[in-house]
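what shape does this take:
(one chain, ligands or ions: 1)
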Amino acid sequence: MAKITLSNLRHSYLSNPTDPQDYALKEIDLDWNDGGAYALLGPSGCGKSTLLNIVSGLLTPSAGRILFDDKDVTNLPPDQRNIAQVFQFPVIYDTMTVRENLAFPLRNRGVAEAKIAERVAEIATMLEVEEMLDTRAAHLSPDNKQKISMGRGLVRDDVNVVMFDEPLTVIDPHLKWKLRSKLKELHQRVRATMIYVTHDQTEALTFADQVVVMQEGEVVQVGTPVELFERPQHTFVGHFIGSPGMNILPASVDDGRVIFNGNSVRVEGGITGEGGVTELGVRPEFVSVSDTGIPARVRKVSDVGRHAVIETMVGDTRVRAVAETANFEQGAEVHLAFQQDQTRLYRDGWIATEVAS
Ligand SMILES: Nc1ncnc2c1ncn2[C@@H]1O[C@H](COP(=O)(O)OP(=O)(O)OP(=O)(O)O)[C@@H](O)[C@H]1O
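Below is the predicted model of the structure:
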């Protein structure tokens, strides 16, 4: 397995790009460590597939370099990069048995039969598909087909990286969580460098130790699931991660004080930078409905099981709070309190407060 470095990477599908908007990837600098579990997370069109195709060698970037273990592979074709890929739809041979399918990538490279048998048995045990080994792939359910497709991606132990491109798309929702946790377990066992591409936050946060969040061709944050939740570096991350996402509220800064709808709000620490569009960010989990604080009116209450989401209006701005009970009347006049150490200021989307020391 290898460490992967993306250095000053940019890509445009246009022949004469001039504007930043002409680039599908704007400027990417990333290090993926040997043996790490990474996710590339972002909405449709943010550049995930472009980045994946550059790593696999299907696409040559307009600028920048890709290194595997510090060796420049930017101009190497895909077959010389030694990468395993698992796609959205299962790639298996229907006429072969599961055993033959799993053995295929090894047989193709002339691996000795004894070693193939050993490795196929190992992967089959990990995937819990031993009893299917002699079944023809055509007879498998879609989720089992995708499991075997994953097995084919994992069976070689000499690849630089295993890349998963939205691998759970075809899986029934009630089976998704099973395969999701299976993949996490597989990573812990094989310790290969793995990159998992998805637009689904749950899949990314379950699988990865480090999540790379992308928006409009840019990386907006690289962090652990906890870091992305607790301290979004950009309002996009706050909004995109969490359910419901972070409250992003229009605010102004007046003589060092942050004002939201005429109310002074205390933020986590010192304010940095100047100018720009200023907004407050506070997750619903850190907003409480209380007797004192910012006056608000309850608009809607949704009981979502273990807790309730209280949607309130502060003037014309919607603010959501997570509460233990759904015991609030629609239209009721209430007050909101923001937990100070979880309340941040953003300027032009980027975080502009420091953690209090
Ligand atoms: N072959 C292409 N030619 C021109 N533009 C392209 C091409 N492929 C992608 N793009 C554009 O590049 C940008 C990034 O697309 P990309 O497919 O990498 O995003 P994505 O995050 O993988 O989205 P999705 O999940 O929908 O595949 C988009 O604006 C897209 O329209």
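
list the buried residues of the longest strand anywhere in the chain.
Counting residues, the longest strand found in the chain (DSSP state E) is strand 294-303. By neighbour count with 16 or more other CB atoms under 10 Å, strand 294-303 contains the buried residues 294, 296, 298, 301. Where C-beta positions appear, they are placed from N, C-alpha and C, glycine not excepted.

please name every helix or strand in contact with that strand.
Packed against strand 294-303, as judged by 3 or more CB pairs under 8 Å, 6 or more residues apart in numbering; DSSP states H and E, are the following elements: strand 308-314, strand 317-323, strand 333-338.

how about a cut-off of 6 Å?
Under the contact criterion of 3 or more CB pairs under 6 Å, 6 or more residues apart in numbering; DSSP states H and E, strand 294-303 touches strand 308-314, strand 333-338.

state the mean pLDDT of it.
Confidence for strand 294-303, expressed as mean pLDDT, is 95.

same question for stretch 63-83.
Averaged across stretch 63-83, the pLDDT comes to 95.

may I see the buried residues of stretch 165-182?
By neighbour count on 16+ other CB under 10 Å, the buried set for stretch 165-182 is 165-168, 171, 175-176, 179-180.

nearest to the ligand, of those residues?
E166 (7.1 Å; CB to the nearest ligand atom).

so what's the most centrally placed residue in the chain bridging to?
Centroid check for the chain by CA atoms, centre = their mean gives L41 as the closest residue, at 3.1 Å. Assessed by DSSP bridges, L41 has beta-bridge partners T198, V213.

quickly note the distance from it to V213.
L41 sits 5 Å away from V213, going by CB to CB, to the nearest Å.

just H199 next, same as before
According to CB to CB, H199 and V213 sit 11 Å apart.

neighbour-wise, which of the two wins?
Ranked by neighbour count (other CB atoms under 10 Å), H199 and V213 place V213 first, with 25 against 18.

check contacts around the more buried one.
V213 is in contact with 41, 220-221, 237, counting by CB atoms under 6 Å, 6 or more residues apart in numbering.

residues touching the residue nearest to the centre of the chain, list them.
Contacts of L41 (CB under 6 Å, 6+ apart): 204, 211, 213.

try 7 Å
Counting by CB atoms under 7 Å, 6 or more residues apart in numbering, L41 touches 198, 201, 204, 211-213.

would you map the helices across the stretch 151-300 of the chain?
Listed in chain order, the helices of the stretch 151-300 of the chain (DSSP state H, counting those that start in this stretch) span 173-190, 201-207, 225-230, 235-240.

buried deepest among those helices, which one?
Counting by mean count of other CB atoms under 10 Å, helix 235-240 has the highest mean neighbour count of these, with a mean of 23.

helices and strands of the chain: which one bottoms out on pLDDT?
The helix or strand of the chain with the lowest confidence, counting by mean pLDDT, DSSP states H and E, is helix 173-190 at a mean of 84.

output the set of residues of the stretch 101-250 of the chain in proximity to the ligand.
Within the stretch 101-250 of the chain, the positions adjacent to the ligand are H199 by CB under 6 Å from any ligand atom.

so which residue of the stretch 101-250 of the chain comes closest to the ligand?
Among all residues of the stretch 101-250 of the chain, H199 sits closest to the ligand, at 5.7 Å; criterion: CB to the nearest ligand atom.

my guess is that residue meets G45, correct?
No - if you go by CB atoms under 7 Å, H199 and G45 don't touch, sitting 9.7 Å apart.

ok, back up a step: tabulate the helices of the stretch 151-300 of the chain (JSON lines), appending distance to T272.
Below are the helices of the stretch 151-300 of the chain laid out as JSON lines (distance: least, CB to CB, whole Å):
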{"stretch": "helix 173-190", "distance to T272": "36"}
{"stretch": "helix 201-207", "distance to T272": "28"}
{"stretch": "helix 225-230", "distance to T272": "18"}
{"stretch": "helix 235-240", "distance to T272": "15"}
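
quick check: angle from the longest strand of the chain to strand 317-323?
Put simply, strand 294-303 runs at 60 degrees to strand 317-323, going by axes from the mean of the first three to the mean of the last three CA atoms, to 10 degrees.

residues contacting strand 294-303, please?
Applying CB under 7 Å, 6+ apart, the external contacts of strand 294-303 come out as 263, 308-314, 319, 326, 328-336.

that one pairs with which strands?
strand 308-314 (antiparallel), strand 333-338 (antiparallel).

figure out which of those strands is closest to R107.
The closest of the strands paired with strand 294-303 to R107 is strand 308-314. By CB to CB, the value is 53.4 Å.

quick one: buried residues of that closest one?
Judged by neighbour count using 16+ other CB under 10 Å, the buried positions of strand 308-314 are 308-312, 314.

the ligand: which of these is nearest?
The ligand lies nearest to V309 out of the buried residues of strand 308-314, by CB to the nearest ligand atom, at 28.0 Å.
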